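Asks: Any chance you can model this:
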Amino acid sequence: MTGSSIKYLTKEGFRNVWTNRMMSIASICVLMSCLVLIGTAGMIFLNIDSLLEKVEDENVIMVFAKEDTTDQQLDAMEGQIKQLDNVDQVEFVPKEVAFEEQLATMGDAQAELFKNVSNDNPLPDAYKVTVDNLDLFDQTVEQLNNIENVDIIRENKDLAQKLVAIRQGITVISIVIVGVLFLISLFIISNTIKLTVYSRRLEISIMKSVGATNNFVRFPFIIEGMILGVMSGVLGLGLVWGLYQLAVSQFGDVLKTLNLEAVPFTEYALTMLGVFILIGIVCGVGGSLVTMRKYLNKEGSEISNV
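Replies: This is a model prediction of the structure:
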């Protein structure tokens, strides 16, 4: 096709959206509804994942140094800990600070008694280590044990294993839910497009009867499918955004009580918009092309039946 033909057919695609606006609105509404379901499921997964990350950050490993460790040896320990691949953060906890924190957890009388009984600080210096990947938790603990001047290590292996299992389970469930919703979307959208193309079978037949090639007939429908896909993606994102902000405002007090914070939608808005538009274009264009094949081979038979 020449440049002028492409320009003409592109205009025809835009014109068809308006001319067949009722079917266009129906297609947009169906696709937008499916995208909203997918987007809602995605935001729920992101919030659960954020909650798990917060719990993981609190699952730290306490590395206690030997009693007679010097300041130089403590510095060397900290350097070796930071060099480990799976270590995210390292915080030094001096024994004086640990002692004061321990007293703060006691009652006044108990704390005073503990001070009188313990003339010297019985607690060792320690490092609070946060790991990056809980899947490598056991390996990291073993590496920490091999560092010189490490006395004991306190960790919660059971919690780490449970968090890993929960994360894996939620990931699998989320993928399955989004996948099922996507397949349902394709089924509903393909049937909607079938109705759209069926309602315009006479138009396709006329174009074929006057010698139009299949590509010439397809092109306006491709443009139309792209337009509907982009519009559905943009509107779907706006609806998901609005519903998400409404849910956050409704449950804001509950989240604050639990010391939780919802994931900001703006961090994922552009990514979600790109995914929505891509899904919309694939569904709109793909559905149109697949459904049109049966009508492209009729060579004007619809006219003869009129």
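
Asks: residue ranges for the strands of the chain, please.
Replies: For the chain, the strands defined by DSSP state E occupy 61-65, 87-93, 126-131, 150-154.

Asks: if I pick L260, what's in contact with it?
Replies: Counting by Cβ atoms under 8 Å, 6 or more residues apart in numbering, L260 makes contact with L51, K54. For every residue, glycine as well, the C-beta is placed using N, CA and C.

Asks: on that earlier part again, make a markdown table out of the strands of the chain and add mean neighbour count.
Replies: Shown next, in a markdown table, are the strands of the chain (neighbours: other Cβ atoms under 10 Å):
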| stretch | mean neighbour count |
| --- | --- |
| strand 61-65 | 21 |
| strand 87-93 | 15 |
| strand 126-131 | 20 |
| strand 150-154 | 14 |
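
Asks: With distance to T10 and mean pLDDT as new columns, can those strands be given to me in CSV?
Replies: Shown next, in CSV, are those (distance: least, Cβ to Cβ, whole Å; pLDDT from 0 to 100):
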stretch, distance to T10, mean pLDDT
strand 61-65, 61, 86
strand 87-93, 52, 85
strand 126-131, 55, 86
strand 150-154, 67, 84
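
Asks: could the ones you listed go into TSV alongside distance to L255?
Replies: TSV is the format used below for the strands of the chain (distance: least, Cβ to Cβ, whole Å):
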stretch	distance to L255
strand 61-65	29
strand 87-93	25
strand 126-131	23
strand 150-154	31
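
Asks: right, and those strands - which one's nearest S209?
Replies: strand 87-93 (68.7 Å; Cβ to Cβ).

Asks: From K7, how far out is the nearest residue to I170 once chain neighbours are set aside?
Replies: Among residues not flanking I170 along the chain, I48 sits closest, at 5.6 Å (Cβ to Cβ, 6 or more residues apart in numbering). Remark: distance between I48 and K7 (Cβ to Cβ, to the nearest Å) = 49 Å.

Asks: So A269 versus W241, what's the distance?
Replies: For A269 relative to W241 (Cβ to Cβ), the value is 7 Å.

Asks: Quick check: which of the strands of the chain is nearest to V254?
Replies: strand 126-131 (27.4 Å).

Asks: In its sheet, which strands sit next to that closest one, and in what direction?
Replies: strand 61-65 (antiparallel), strand 87-93 (antiparallel) (DSSP bridges).

Asks: May I have that strand as PDB, with CA atoms only?
Replies: Output of strand 126-131 as PDB, limited to C-alpha atoms (Å, rounded to 0.1, in the frame of the first residue of the first chain):
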ATOM      1  CA  ALA A 126      26.500  -7.100  68.700                       C
ATOM      2  CA  TYR A 127      25.600  -6.500  65.100                       C
ATOM      3  CA  LYS A 128      22.000  -6.400  63.800                       C
ATOM      4  CA  VAL A 129      22.100  -7.900  60.300                       C
ATOM      5  CA  THR A 130      19.300  -7.600  57.800                       C
ATOM      6  CA  VAL A 131      19.400 -10.100  54.900                       C
END
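
Asks: circling back: just send the strands paired with strand 126-131 back as a markdown table, with distance to V290 too.
Replies: Listed next are the strands paired with strand 126-131 as a markdown table, based on distance: least, Cβ to Cβ, whole Å:
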| stretch | distance to V290 |
| --- | --- |
| strand 61-65 | 55 |
| strand 87-93 | 48 |
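
Asks: ok, back up a step: among the strands of the chain, which is nearest L74?
Replies: For L74, the closest of the strands of the chain is strand 61-65, at 6.1 Å, according to Cβ to Cβ.

Asks: Not counting that closest one itself, show me its contacts.
Replies: With Cβ under 8 Å, 6+ apart as the test, strand 61-65 has contacts from 73-74, 77, 81, 93, 124-131, 140-141, 144, 147, 149-155.

Asks: go on, stretch 245-254?
Replies: Contacts of stretch 245-254 (Cβ under 8 Å, 6+ apart): L255, A262, F265.

Asks: run the last query once more with 7 Å
Replies: Residues from elsewhere that reach stretch 245-254, judged by Cβ atoms under 7 Å, 6 or more residues apart in numbering: A262, F265.

Asks: Leaving out sequence neighbours, find the closest residue to I227.
Replies: Nearest one to I227, counting by Cβ to Cβ, 6+ apart, is V17 at 5.4 Å.

Asks: Let me know whether that neighbour touches S24 as I believe.
Replies: Yes. Applying Cβ atoms under 7 Å, one finds V17 in contact with S24, separated by 5.0 Å.

Asks: So for these two, which residues contact both of them?
Replies: Joint contacts of V17 and S24 (Cβ under 7 Å, 6+ apart) are L228.

Asks: ok, the two, which is more surrounded?
Replies: Neighbour tally, V17 and S24, criterion other Cβ atoms under 10 Å: the higher count belongs to V17, 21 against 18.

Asks: Contacts only, for the more buried one.
Replies: So V17 contacts S24, E224, I227, L228 (Cβ under 7 Å, 6+ apart).

Asks: Fine by me, we can end here.
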